[in-house]
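# Give me the fold of what follows.
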Amino acid sequence: MTSVTRSRRQVRLSRALGLALTPKAVKHFEKRPYPPGEHGRARRRTESDYAVRLREKQRLRAQYMLREKQLVKVYENARKQPGLTGEVMVEDLETRLDALVLRSGFARTILQARQHVTHRHILVDGKIVDRPSFRVKVGQTVQVKPKSQATTPFQVAAAGAHRDVLGAVPGYLEVQLEKLSASLTRRPSRSEIPVTCEVQLVVEFYAR
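Purely as a prediction, here's the structure:
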């Protein structure tokens, strides 16, 4: 799949879900803030409870770029934990390595963050980790491999070029951007995780 095709798909998905998933999608979404397709401009009919819950589940999947099986597993694990299941789900997802690479400002999108991980550019406590789903523990340090730091994408990141689309660094991360290094200082809390989703509706979708 070419980058252009992938970009177009992300724009269409953004419009379908009602939120911009990439910086490029923001501009398209501002021009066409309605769902794709010939009936996209028509006023949306009253949606069923199922449709509303399905969309929230799809929103959560899209923001972390998960397969359905992955999200189901996260839900099943969260059910067994103390606390509100939906909040536990998002707090768990936020400790994924690709998510923290994105939040730290080392990448501009979750797709780019995932590529950084799978292409073996990312270290956790000094060791290469190439699994985007790897869960980073409190106290661990995520860093761009020294050899990779000299490359253009990471030089751009180190200069803070991605902060315009990512916003402020969340309180659970301590980031030294010029060193392309970040530490998870505590467990993320749902209220500070920059994810657009009514998590209770996701729980209701799976609990039906």
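
# So which residues of this structure form strands?
122-124, 127-128, 141-144, 173-176, 181-184 (DSSP state E).

# how about the fourth one: buried residues?
It stands for strand 173-176. L173, V175 (16 or more other Cβ atoms under 10 Å). All C-beta spots, glycine's among them, are computed from the backbone N, C-alpha and C.

# which secondary structure elements does that strand contact?
strand 181-184 (3 or more Cβ pairs under 8 Å, 6 or more residues apart in numbering; DSSP states H and E).

# What pairs with the strand it packs on, parallel or antiparallel?
strand 141-144 (antiparallel), strand 173-176 (antiparallel) (DSSP bridges).

# Redo those strands as JSON lines? Include distance to D98.
JSON lines is the format used below for the strands paired with strand 181-184 (distance: least, Cβ to Cβ, whole Å):
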{"stretch": "strand 141-144", "distance to D98": "10"}
{"stretch": "strand 173-176", "distance to D98": "14"}
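
# R53: which of those strands is closest?
strand 173-176 (30.7 Å; Cβ to Cβ).

# Report the distance from that closest one to the chain centre.
Distance of strand 173-176 from its chain centroid, counting by Cα atoms, centre = their mean, to the nearest Å, is 18 Å.

# Repeat that for stretch 67-82.
16 Å.

# For S104, find the nearest of the strands of the chain.
It's strand 181-184; of the strands of the chain, that one is closest to S104 (Cβ to Cβ) at 3.9 Å.

# Show me what the closest one is in contact with.
95, 100, 104, 106, 136-144, 172-176 (Cβ atoms under 8 Å, 6 or more residues apart in numbering).

# Next, the contact list for the most centrally placed residue in the chain, please.
In the chain, the C-alpha closest to the average C-alpha coordinate belongs to Y64, at a distance of 3.6 Å (Cα atoms, centre = their mean). Listed by Cβ under 8 Å, 6+ apart, the contact set of Y64 reads L93, R96, D98, A99, I110, V195.
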